[in-house]
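A.B. asks: Got a predicted structure plus its sequence, pasted below:
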Amino acid sequence: MLSIAQTKIHSPFILAPLAGYTDLPFRLLCRELGAGMVVSEMISCHGLVYGQKKTIHMLASSAEEQPLSYQIFGSDPEIMAQAAAILKDYSPAFIDINMGCPVRKVTRKGAGSALMKDIGLAREIIEAVIAGSAVPVTVKTRAGIDSKTTTAVQFAIMAESAGAAAVTIHGRTWSQAFSGRADWDIIKTVKENVTIPVIGNGDVSSYEEGILRMHETGCDAVMIGRAALGNPWVFCRQGRPDSLPMILPVISRHLDLMEQYLDTRRVLAYIRNHISRYFTQFPGSSTIRKAIHDCEGFSQLRSYIKNL
């Protein structure tokens, strides 16, 4: 069992924050299939403070998905602290600070991976968020800026000394973005140098691989992102069923949750994208995916899935 601060988490497998994917329905589904903890999509601190409708919509939650961590990003300590204070009303288990996103629209404003270049500012942000928060604060970052500047160890030591309750290390550098392979040796080294829980992230595509990574590195948990899309079974020992009839009940459950919590007419394209990912490894998947994308309404999509 994993413990972060005073919170006990029944499984060391955690759903990573994925922009455009880790909404409430998908988080609930992953919790039902074994994820010990789930993390929201990355939330702008400015969007929170200024009450932007789209940002507030991202805070939709349910007691059944706890423990939930809201991940926020920004480069202004004061605004980040205000955002953390706003989140008190939404009762998360944790607040996570994104200091690893490599996307240009985030880094050009000094947030995400750009904070690895300014460890002093990063510390100010962590301390400010802790001061504004009612729950433990964690930090997610990367191996470093590039292959010549792997700063994860120094960054993790700083985060711990600033008061972070846990740190997640993505094994890729900022310059790698989402290419190449994650370096789990740096995650092992981080674990050897801090006492707070260390969560490893990058290229874990199965439950067995997650167990192996924890054994090899000593890290306390693994965070899985892209490998969970179309495969929420990645969080359970049994893994993904190998026949089409056996995956359909989970797809139907995902559709149930989407119908309950989303405006299915407005986000139909998003729903079709999510659902089509379940079929990528099956014979005839291209035909199925095309049929899904041809569905003109949610009820038509449900009917198609029901009759597969």
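C.D. replies: Everything's here; your move.

A.B. asks: residue ranges for the strands of the protein, please.
C.D. replies: Secondary structure of the chain (DSSP state E): strands at 2-4, 7-9, 13-15, 37-44, 68-73, 94-99, 137-142, 166-170, 198-201, 221-224.

A.B. asks: looking at these, which is closest to C30?
C.D. replies: Judged by Cβ to Cβ, the one of the strands of the chain that comes nearest to C30 is strand 13-15, at 4.6 Å. For the C-beta atoms, the positions are set from N, CA and C on the backbone; glycine is no exception.

A.B. asks: Give me the sheet partners of the closest one and which way each runs.
C.D. replies: Its sheet considered, strand 13-15 pairs with strand 37-44 (parallel), strand 221-224 (parallel) by DSSP bridges.

A.B. asks: Take the ones you listed and write them to CSV, including mean pLDDT and distance to L244.
C.D. replies: Listed next are the strands paired with strand 13-15 as CSV, based on pLDDT from 0 to 100; distance: least, Cβ to Cβ, whole Å:
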stretch, mean pLDDT, distance to L244
strand 37-44, 97, 27
strand 221-224, 98, 23
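
A.B. asks: Can you check which of the ones you listed gets nearest to T138?
C.D. replies: strand 37-44 (9.2 Å).

A.B. asks: And the contacts of the closest one?
C.D. replies: Residues outside strand 37-44 that contact it (Cβ atoms under 8 Å, 6 or more residues apart in numbering) are 2, 9, 14-23, 27, 30-31, 52, 55, 58-59, 65, 67-74, 83, 93, 96, 98, 101, 106, 223.

A.B. asks: what about P245, how many residues close to it?
C.D. replies: 8 (other Cβ atoms under 10 Å).

A.B. asks: need the contact list for it.
C.D. replies: Applying Cβ under 8 Å, 6+ apart, no residues contact P245.

A.B. asks: Could you check the pLDDT of it?
C.D. replies: P245 carries a pLDDT score of 92 in this model.

A.B. asks: cool, K148 as well?
C.D. replies: pLDDT at K148 comes out at 84.

A.B. asks: Over to L255?
C.D. replies: 98.

A.B. asks: go on, the one 3 residues further on?
C.D. replies: We note a pLDDT of 98 for M258 in this prediction.

A.B. asks: And the one 4 residues further on, by the same measure?
C.D. replies: Reading off the confidence values, L262 has pLDDT 96.

A.B. asks: got the contact list for it?
C.D. replies: D23, P25, I271.
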